[in-house]
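Participant: next one to model:
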Amino acid sequence: MGKIALLLFAVFMAISVRSEPFLPKDESQVLETLRSTAFDPADHEIRSLRALLSAEPGNVSLACQVARRCIERSRREADPRYLGRAQAALAPWWDMPTPPVDALVLRATIKQSQHDFTNALADLDLASRLNPGNVQVWLTRAIILTVLGDYAGARKTCLHLAQLAPGTIALAATASVTALNGEAGRSCALLQSALDGNSFGSGDEKTWALTVLAEALERLGHISEAEADFKAALALGQRDPYLLGAYADLLLDQGRAEEAAKLLNNETRADGLLLRLTLAESALHPRPATCDAHIAALKARFEAGHLRGDFVHQREEARFDLHLLRKPHEALRLAQANWRVQHEPADLRLLLESALAAADPGAAQPALDFMRSNRLEDVQLAKLEQQVNDKSKAVP
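Facilitator: Predicted coordinates for the structure are as follows:
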């Protein structure tokens, strides 16, 4: 089969209870294209560090170095296997009540990535007491609290962060909070001013700032400006799956499925990007031959996650059920479960859309309450709120 990925078949073989596997009609049909890491410098560095660590498994400094590189790789590739390798590197300290601070912060970061927010925050609280000047502690804490929708806590954390590291990192972190909490216009202006002044040093910093700005502008309905910032972020050349997904969502919302499919053409490894690629393919006429294969792949991945007890991707699975499988009640169940874990704008939208599709406007009430209490400015959510209110009035 040459370059055709065999990994997908291994996944299918593990699943036999809830679905039949998709079988390609001929061996030339490509299901997934994987990037080779044989000569990848980052992977080579990780392998070298892991070899050193195997000879010194109690070397906490070396273990943290391995874990840090693996976490970075996981984020670049949206590949959870690297999180497992990071956790394995920290194994001697993973269950310690009070491990060394560097190991503690990395443990919190891994738990954050696994959506274990409660225990991640507990680790960060301990780390802040042991080393209150650790910038990463406060930045990670601000990000988690923002995901949870605790904007008051996130703002307070950002103030502490600004005292430790005044400048672009604190500015971007603060703007990502205030843009969701009644100050979207002001947040955009501050970020734009910083970007115009070339205040952001590294490519990662500037990519993050442009993405925060683009998403805020999109929520305000300034689509052309948002798209320009997404493109500017992509032009920096920093591989960022989150950025790709956010821009793809804008294209999908604008009915530009062909462009979204082109953007994500080879992005089949990460569930979130494969989902968006498949949504784009399903909107094309005629649908490309790969669409059915991608639907089958997503179904298998979600079912494999259930068998592992892994429910990190409930948002993606709910969106899959809602828009691709057309199962609104199952989508609503998953959207409600996801809402109990995180409160980002995408989670709000998913809960509202699923409640509408399932003809259960009452299920959207938590999202409506959250939007009002936090003064969230979002033109798409405002339209959905109006639809929910109209549906509620129509219910006898």
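Participant: tell me how far the spatially most central residue of the chain lies from His294.
Facilitator: Residue closest to the average C-alpha location in the chain (CA atoms, centre = their mean): Tyr242, at 5.7 Å. Separation of Tyr242 from His294 (CB to CB, to the nearest Å) stands at 20 Å. For the C-beta atoms, the positions are set from N, CA and C on the backbone; glycine is no exception.
Participant: which residues touch the strand or helix carrying the residue nearest to the centre of the chain?
Facilitator: According to DSSP states H and E, Tyr242 maps onto helix 241-253. Residues outside helix 241-253 that contact it (CB atoms under 8 Å, 6 or more residues apart in numbering) are 75-78, 207, 211, 214-215, 218, 223, 226-227, 230-231, 233-234, 257, 259-260, 263-264, 267, 270, 272-273, 276-277, 279-280, 283, 346, 380.
Participant: now swap in stretch 157-169 and tell me
Facilitator: Contacts of stretch 157-169 with the rest of the structure, by CB under 8 Å, 6+ apart, involve 133, 135, 138-139, 141-142, 145, 170-171, 173-174, 177, 194, 199-201, 205, 209.
Participant: which of these count as buried?
Facilitator: Buried members of the contacts of stretch 157-169, counted by 16 or more other CB atoms under 10 Å: 138-139, 141-142, 145, 170-171, 173-174, 177, 194, 199-200, 205, 209.
Participant: just the residues you listed: which are in strands?
Facilitator: Among these, the subset assigned to strands under DSSP state E is empty.
Participant: below-threshold pLDDT in the stretch 251-396 of the chain: ranges please.
Facilitator: Applying pLDDT under 70 to the stretch 251-396 of the chain flags residues 395-396.
Participant: the helices in it, which residues?
Facilitator: Secondary structure of the stretch 251-396 of the chain (DSSP state H, counting those that start in this stretch): helices at 257-263, 271-282, 290-308, 314-323, 328-339, 345-357, 365-373, 379-394.
Participant: just put those in a markdown table and tack on distance to Ala63 and mean neighbour count.
Facilitator: Putting these into a markdown table (distance: least, CB to CB, whole Å; neighbours: other CB atoms under 10 Å) gives the following:
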| stretch | distance to Ala63 | mean neighbour count |
| --- | --- | --- |
| helix 257-263 | 37 | 18 |
| helix 271-282 | 28 | 23 |
| helix 290-308 | 25 | 19 |
| helix 314-323 | 31 | 24 |
| helix 328-339 | 33 | 21 |
| helix 345-357 | 34 | 23 |
| helix 365-373 | 40 | 16 |
| helix 379-394 | 43 | 14 |
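Participant: if we can go back for a sec, of all the buried ones among the contacts of stretch 157-169, which two lie farthest apart?
Facilitator: Leu145 and Ser199 (24.3 Å; CB to CB).
Participant: domain boundaries for this protein, per the record?
Facilitator: 132-250, 272-396 (automatic domain parsing).
Participant: which residues does Ala232 contact?
Facilitator: Shown in contact with Ala232 (CB under 8 Å, 6+ apart): Leu210.
Participant: got the angle for the helix or strand hosting it vs helix 241-253?
Facilitator: Following DSSP H and E, one finds Ala232 within helix 223-235. Here helix 223-235 points in a direction 150 degrees away from that of helix 241-253 (axes from the mean of the first three to the mean of the last three CA atoms, to 10 degrees).
Participant: any buried residues in helix 223-235, and which?
Facilitator: Quick answer for helix 223-235 (16+ other CB under 10 Å): Glu225, Ala226, Glu227, Asp229, Phe230, Ala232, Ala233, Leu234.
Participant: what of stretch 70-79?
Facilitator: The neighbour-count check on stretch 70-79 (16+ other CB under 10 Å) flags Cys70, Ile71, Arg73, Ser74, Arg75, Glu77, Ala78, Asp79 as buried.
Participant: so which of the helices of the stretch 251-396 of the chain comes closest to Arg107?
Facilitator: Short answer: helix 290-308, nearest of the helices of the stretch 251-396 of the chain by CB to CB, at 20.4 Å.
Participant: now do the same for Arg239: helix, strand or coil?
Facilitator: At Arg239 the chain is in coil, as set by DSSP: H, G, I helix; E, B strand; the rest coil.
Participant: quick one: residues contacting the nearest residue to it once chain neighbours are set aside.
Facilitator: Take Arg239 and drop its neighbours on the chain: the residue closest to it by CB to CB, 6 or more residues apart in numbering is Arg76, 5.0 Å away. In this structure, Arg76 makes contact with Ala42, Arg239, Asp240, Pro241, judged by CB under 8 Å, 6+ apart.
Participant: can I get these in TSV including neighbour count, distance to Leu322 and pLDDT?
Facilitator: As requested, these are exported to TSV (neighbours: other CB atoms under 10 Å; distance: CB to CB, whole Å; pLDDT from 0 to 100):
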residue	neighbour count	distance to Leu322	pLDDT
Ala42	14	36	81
Arg239	12	29	89
Asp240	21	26	94
Pro241	18	21	95
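Participant: tell me which of these is nearest to Ser354?
Facilitator: Ser354 has its nearest neighbour among the contacts of Arg76 in Pro241, at 23.9 Å by CB to CB.
Participant: this completes my enquiry, with thanks.
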